[in-house]
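>>> Predicted coordinates and the sequence they were generated for:
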Amino acid sequence: MTEALMIKQLNYRRNQKQLLTDVNLTLPQGQIVGLLGANGAGKTTLMRLIAGSAVNFRGSIQVGDAGDAVARKAQVSFSGMIDGFNPNWRVGQVAETLAELLADFRGEDFYQLCDLLGLDQKQRIKRLSKGNQRKLRLAVTLSRRAQLYLLDEPFDGIDVMTRKAMLNSILKWAPELATLVISDHHVTDIEQLLDQVVVIKARTIAAQAQADDIRAQGQSVEQYFESFFGGDLDD
Ligand SMILES: Nc1ncnc2c1ncn2[C@@H]1O[C@H](COP(=O)(O)OP(=O)(O)OP(=O)(O)O)[C@@H](O)[C@H]1O
């Protein structure tokens, strides 16, 4: 079986700073994976590298059959993709533009997701509240047909009701065979979704485990995650 993601000996430096060291990670198809780490651990950096938004690393990153950054961009739907958009655009314009740029963008899915999440097509990006900006990111990310979805802290600053709507969207819209990686440092937000947990600490992968195995040992995913930090969430 083709793995969804295979990373070997990934090392990445920026501005004379080592950001990731000897990262090895393999993820199977069809799982929801929590990428858990403290602030500054390297979650966003790792996602940008996988998505092909950051380059010039050592080692290899393979998404399905796609190895180079251009090929990976076509296989990975990354929530950070929206960061370069014109803040004056309206929500509807985002969809129109993406439909022109990306062969795998599904406008119908996007409009349905917007309805489900209560997003107004006519609102300009810059006028959206923080929560609505997070919803837009989620809608854009899930509206692509990709092998791998990377959701970078989708629930940051999100209230409980909105979080429920977003969790439902993820469960409903994530294609069965795709793999979803969700980064977070508040494990409780995503614990119920997770099949697998990857802990990133000190610039590398500290652990990888199936959520069911953690629970079978009488621990919650949150307790498991916290056990790597001894109550101190510094990376
Ligand atoms: N271009 C860069 N040059 C130098 N350092 C960088 C650069 N980009 C990120 N960093 C540093 O790399 C580290 C990892 O950052 P990253 O954003 O990947 O962490 P994170 O785990 O996503 O954190 P958070 O949970 O706070 O979002 C941080 O110390 C950050 O300051």
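Done, it's in.

>>> Around the ligand, which positions in the protein sit nearby?
Taking CB under 6 Å from any ligand atom as the criterion, the neighbours of the ligand within the chain are 14-15, 17, 19, 37, 39-45, 185. C-beta coordinates here come from the backbone N, C-alpha and C atoms, glycine included.

>>> Report the lowest-confidence entry in those residues.
Comparing pLDDT over these, the lowest score belongs to residue 185 (77).

>>> three-state assignment of the nearest residue to that one once chain neighbours are set aside?
Sequence neighbours aside, residue 38 is the residue nearest to residue 185 in space, at 6.0 Å (criterion: CB to CB, 6 or more residues apart in numbering). Of the three states, residue 38 takes coil according to DSSP: H, G, I helix; E, B strand; the rest coil.

>>> thinking again about what came up before, report the two of the residues of the chain next to the ligand separated the most.
Comparing every pair within the residues of the chain next to the ligand by CB to CB identifies 15 and 185 as the most remote, at 23.6 Å.

>>> Could you check which of those two is surrounded by more residues?
Counted by other CB atoms under 10 Å, residue 15 and residue 185 do not tie: residue 185 has more neighbours, with 17 against 5.

>>> Convert the C-alpha atoms of stretch 196-210 to CSV, please.
These are the backbone C-alpha positions of stretch 196-210, laid out as CSV (Å, rounded to 0.1, in the frame of the first residue of the first chain):
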residue,chain,number,x,y,z
GLN,A,196,-3.1,8.6,15.7
VAL,A,197,-0.9,11.0,17.7
VAL,A,198,2.5,12.4,16.7
VAL,A,199,4.4,14.4,19.3
ILE,A,200,6.9,17.0,18.2
LYS,A,201,9.4,18.2,20.7
ALA,A,202,12.9,19.7,20.6
ARG,A,203,12.8,20.1,16.8
THR,A,204,12.1,16.4,16.1
ILE,A,205,9.4,13.7,16.4
ALA,A,206,9.4,12.5,20.0
ALA,A,207,6.7,9.9,19.7
GLN,A,208,4.1,8.4,17.5
ALA,A,209,1.2,6.2,18.8
GLN,A,210,-2.3,5.0,17.9
